[in-house]
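> build me a structure from this.
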Amino acid sequence: MPFRAARAPPASGHVTARAALPALLGARAVRGGRNCKSQRAAREKRVGTSHGRAAAARRREAWGCKLKSGTADEDSDAPVSNECMDNVQWMKEGRLLSESSVIAAVGSDTLQDRFQIMKILIMIDFVLAASLMDATGSSDLQNCFQEQIRLQGQVRLLEHRVQQQQLKIIQLLEKKEVQYSDRGDENSVIDLGGKRQYSDCAEIYNDGHKRSGFYKLKPIQSPTEFLAFCDMSEGGGWTVFQRRSDGSQNFDRVWTDYEEGFGNFVLPNGEYWLGNKNLHYLTSQGNYTLRIDLADFEGERRFAQYARFGVAGEEHSYEMSCGEYSGTAGDSLTGGFHPEVKWWADHRGMKFSTRDRDNDNYEGNCAEEEKAGWWFNRCHSANLNGLYYKGPYTAKTDNGIVWYTWHGWWYSLKSVVMKVRPADFEPNIV
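From the prediction side, this is the model:
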């Protein structure tokens, strides 16, 4: 299994939520006992620094106990009831310590931790106010504290709700990185006028449209249309379901991403995965040929072609099948380069695997180790969804864009295009 490095310590000057908690709680404790506007002006000089604010807080606590006992004014040197002060300190420090221990156990510096901290701080403000009001006999002071804490609580609850919405937005963006605009616009999709629906790019080609680009397709079993790039070279009519070109897209994705499809559906050379559902709809229409175009960083190009390529439905975990090989890149997809390796290098009959859906023949999780979704066996002699390295690379596992029979396991290819076309395709000469 790959080695997992320990979490790096915070960078210099950066304070995590857990590390900042004691100071944060202490500051809130002082702010919770701050006087109202009418009382603050006369004492502004004494609370100008952090030490002054702390001293002011201690004086307020003592003053509350003096008022309760009927002694002198705030600046008097009259003795303070130890029982009263003990009650104030117990209410404040005891609750602060218990809530601090709760927060310390929450975990690392995450938005959820910060939300939890905010909730506890609101509770602490109310506890402090209650303890100070209990210590004093002044109804005016009690009303002042009540109004201050009520307003503070409303503000913090609103902040909490806003941050919750921000977290939901972040989670949605992470789950679906490709926005709707990346699924094509009026400038990137070739408009055929809506006269008819096409089941694949071969139909589009034979209808007289010879320009490569993004078109809307609707295979026979598909409930909706979807975008796909139609490659009209190499005889035309090829439906592209995968492209790697520059490493701009993350192919280390979860099951639903690979099922629905992801990537750049705007740029002609953009990286994308068409989606396992759409690939199933395409190949279930008949007998399809798979062609894989490969290029390395030295400028050389090769290809591999397989007959009878198909992808099963969701109930079969999008199992892949293919037939005879032909081409110049070597047969890495079926393990045909050596009979003794077929048992672990043959990708035919393999179900699709992702880091969160392990369907391979390996005791571990190939998709997790190789950082890609693919039809893994134990694990692969071909992985065209691997990490994008520039040629030769070193890593814990052979997790690059690999086609073993051309460059081996430790060379990552520059570009890949995987595309399908009906086996009986015959271009119309118009």
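> any chance you could map the strands in the stretch 301-430 of the chain?
According to DSSP state E, counting those that start in this stretch, the stretch 301-430 of the chain carries its strands in the segments 301-311, 320-321, 325-327, 382-383, 391-392, 402-403, 411-412, 415-422.
> who are the packing partners of the strand or helix carrying Glu159?
Glu159 belongs to helix 139-175 when elements are defined using DSSP states H and E. Using 3 or more C-beta pairs under 8 Å, 6 or more residues apart in numbering; DSSP states H and E, the elements in contact with helix 139-175 are helix 111-135. Every C-beta, even on glycine, is put in place using the N, C-alpha and C of the backbone.
> for the helix or strand just after the helix holding Glu159, C-alpha coordinates in PDB please.
Heading C-terminal from helix 139-175, the first helix or strand you meet, by DSSP H and E, is helix 201-206. As requested, C-alpha coordinates have been extracted for helix 201-206 and formatted as PDB (Å, rounded to 0.1, in the frame of the first residue of the first chain):
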ATOM      1  CA  CYS A 201     -20.600  10.900 -34.800                       C
ATOM      2  CA  ALA A 202     -20.700   8.400 -37.600                       C
ATOM      3  CA  GLU A 203     -24.300   9.400 -38.400                       C
ATOM      4  CA  ILE A 204     -23.300  13.000 -38.300                       C
ATOM      5  CA  TYR A 205     -20.400  12.400 -40.700                       C
ATOM      6  CA  ASN A 206     -22.600  10.500 -43.100                       C
END
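> in the stretch 301-430 of the chain, where is pLDDT below threshold?
Low-confidence regions of the stretch 301-430 of the chain, defined by pLDDT under 70, span residues 428-430.
> change it to 50
Counting by pLDDT under 50, the stretch 301-430 of the chain has low-confidence residues at 430.
> before we move on, what about the stretch 101-250 of the chain?
In the stretch 101-250 of the chain (pLDDT under 50), the answer is 101-109, 177-181, 186.
> about what we covered before: which one of the strands of the stretch 301-430 of the chain is the most hemmed in?
A comparison of those by mean neighbour count, using mean count of other C-beta atoms under 10 Å, puts strand 382-383 on top with a mean of 28.
> give the pairing partners of that one; include direction for each.
strand 402-403 (antiparallel) (DSSP bridges).
> which outside residues touch the partner strand?
292, 294, 304, 329-330, 332, 380-384, 386, 408-409, 411-413 (C-beta atoms under 8 Å, 6 or more residues apart in numbering).
> report the buried members of the residues you listed.
Listed as buried from the contacts of strand 402-403 are 292, 294, 304, 329-330, 332, 380-384, 386, 409, 411-413; burial here means 16 or more other C-beta atoms under 10 Å.
> ok, which of the strands of the stretch 301-430 of the chain comes nearest Gly237?
Taking C-beta to C-beta as the criterion, Gly237 comes closest to strand 415-422 out of the strands of the stretch 301-430 of the chain, the separation being 5.0 Å.
> packing partners of the closest one?
In this structure, strand 415-422 makes packing contacts with helix 201-206, strand 238-244, strand 288-295, judged by 3+ C-beta pairs under 8 Å, 6+ apart.
> for Val162, which of the ones you listed is the nearest?
Using C-beta to C-beta and comparing the helices and strands packed on strand 415-422, the one that lies nearest Val162 is strand 238-244, at 39.6 Å.
> CA-only coordinates of the closest one in CSV, if you can.
As requested, the backbone C-alpha atoms of strand 238-244 are provided in CSV (Å, rounded to 0.1, in the frame of the first residue of the first chain):
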residue,chain,number,x,y,z
TRP,A,238,-15.2,8.9,-34.5
THR,A,239,-16.9,9.7,-31.1
VAL,A,240,-14.3,10.7,-28.6
PHE,A,241,-15.0,9.5,-25.0
GLN,A,242,-11.6,10.4,-23.4
ARG,A,243,-8.8,12.9,-24.1
ARG,A,244,-5.6,13.7,-22.2
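> which helices and strands does that strand pack with?
Using 3+ C-beta pairs under 8 Å, 6+ apart, strand 238-244 is in contact with helix 201-206, strand 226-231, strand 272-273, helix 276-283, strand 415-422.
> now with 7 Å?
The helices and strands touching strand 238-244, judged by 3 or more C-beta pairs under 7 Å, 6 or more residues apart in numbering; DSSP states H and E, are strand 226-231, strand 415-422.
> follow-up on the earlier one: in a markdown table, list the strands of the stretch 301-430 of the chain along with distance to Ile149.
Formatted as a markdown table, the entries for the strands of the stretch 301-430 of the chain read as follows, by distance: least, C-beta to C-beta, whole Å:
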| stretch | distance to Ile149 |
| --- | --- |
| strand 301-311 | 62 |
| strand 320-321 | 63 |
| strand 325-327 | 75 |
| strand 382-383 | 60 |
| strand 391-392 | 64 |
| strand 402-403 | 62 |
| strand 411-412 | 60 |
| strand 415-422 | 62 |
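> nearest to Cys201, out of those strands?
Across these, Cys201 has its closest neighbour in strand 415-422 (7.3 Å, C-beta to C-beta).
> so what touches that closest one?
Contacts of strand 415-422 from elsewhere in the structure, counted by C-beta atoms under 7 Å, 6 or more residues apart in numbering, are 202, 231, 237-245, 282-283, 286-295, 309, 384, 401.
> which among those end up buried?
By the neighbour-count criterion of 16+ other C-beta under 10 Å, the contacts of strand 415-422 include these buried positions: 202, 231, 237-245, 282-283, 288-295, 309, 384, 401.
> what's the neighbour count on Tyr198?
Per other C-beta atoms under 10 Å, the neighbour tally for Tyr198 reads 22.
> er, Phe214 actually
Neighbours around Phe214, by other C-beta under 10 Å: 21.
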